[in-house]
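Asker: Predicted model follows, preceded by the sequence.
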Amino acid sequence: MVVLDVVAAILPHSRSEIARRINEMFYARVLSSTVPHTVVIIAPDHDAVLGDYGIAGLGGDWFERLDTELATCISSASEVGLAPSSLFSDYSLLYHAKMVKKYISPNTLIVPVYAPYVSRYYEERLGRAIARCAISSGKRVLVIATTDMTHYDDSGRGAKNDIDAIEMLLELEPEEFLDSVEENNLSWCGPAAAASATYYAKEIGARRGELGTYVYEKIGDTYNGYGIIYF
């Protein structure tokens, strides 16, 4: 199996100009390395359409670009159920699917995955399952977990909380990260997605993550956090 320069990443999906620039930075780096065969996009289920983890694998709007073989393998190995792909319409997921098509290749296949806020059961199962299926298939698989970090913070502690949480992910400690999410009531929208991508990176052989950038943006009277973590 050809190893990608970047095997996984945690990216924002906000419509803000800063988030857009951060994402373009990431996709430019991917373009400079080996192109993946399939991108697994793990996105928060903002509207609780499924209410838990779910994998798109049953036809619908994604059919032409859906890697059904990999989706089925991941579902079987992780016990995360397959669902009709027509349900996978969250903005965060569609945003990165369009970015993959634009910046990587219109022929790159996709496995869309929904994640809840926190599960404490499927995060690890999903991440390790993606790794096992990627290895067994021989495909070049890139995992993108999308989450904005601190949301609408007016306490002045958001940036520190983000950096502390980021460091746990960089150290490949997703369990400690999830503990921190619950103990500190972090307002990230996709902590489960971020944890699953980290479990995947750890299983695939990453030794430490890399912080590409972190921005704490003021919007009105509050702040939002955005960043890139590479594995």
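Answerer: It's in. Numbering: from 1, shown residues only.

Asker: Every contact and neighbour count from this point should use C-alpha atoms.
Answerer: Fine.

Asker: State the distance from the residue most central in space within the chain to residue 154.
Answerer: What sits nearest the mean C-alpha location of the chain, by C-alpha atoms, centre = their mean, is residue 145, with 0.4 Å. Using C-alpha to C-alpha, to the nearest Å, residue 145 is found at 26 Å from residue 154.

Asker: so residue 195 is in which element?
Answerer: helix 191-204 (DSSP states H and E).

Asker: C-terminal to that helix, what's the next element?
Answerer: In N-to-C order, the element after helix 191-204 by DSSP H and E is strand 210-219.

Asker: Quickly find the element holding residue 96.
Answerer: Going by DSSP H and E, residue 96 is part of helix 91-99.

Asker: follow-up on the earlier one: check which helices and strands the helix holding residue 195 sits against.
Answerer: Under the contact criterion of 3 or more C-alpha pairs under 8 Å, 6 or more residues apart in numbering; DSSP states H and E, helix 191-204 touches strand 8-11, strand 38-44, helix 122-137, strand 141-146, helix 174-184.

Asker: and with 6 Å instead?
Answerer: Applying 3 or more C-alpha pairs under 6 Å, 6 or more residues apart in numbering; DSSP states H and E, one finds that helix 191-204 contacts helix 122-137, strand 141-146.

Asker: Go through these and name the closest to residue 105.
Answerer: Between residue 105 and those, the shortest gap by C-alpha to C-alpha is with strand 141-146, which sits at 13.1 Å.

Asker: The closest one - contacts with which helices or strands?
Answerer: When contacts are defined as 3+ C-alpha pairs under 6 Å, 6+ apart, strand 141-146 sits against strand 8-11, strand 38-44, helix 191-204.

Asker: any idea how far residue 109 lies from residue 161?
Answerer: 35 Å.

Asker: Look at these two and report which has more neighbours.
Answerer: For residue 109 versus residue 161, neighbours defined as other C-alpha atoms under 10 Å are more numerous around residue 109 (24 against 19).

Asker: these two touch, right, the more buried one and residue 65?
Answerer: Yes: using C-alpha atoms under 6 Å, residue 109 makes contact with residue 65 at a distance of 4.9 Å.

Asker: Now do the shared contacts for those two.
Answerer: Both residue 109 and residue 65 lack any common contacting residue under the criterion C-alpha atoms under 6 Å, 6 or more residues apart in numbering.

Asker: deepest of the helices and strands packed on helix 191-204, which one?
Answerer: strand 141-146 (a mean of 28; mean count of other C-alpha atoms under 10 Å).

Asker: After that one, which helix or strand is next?
Answerer: helix 158-170.
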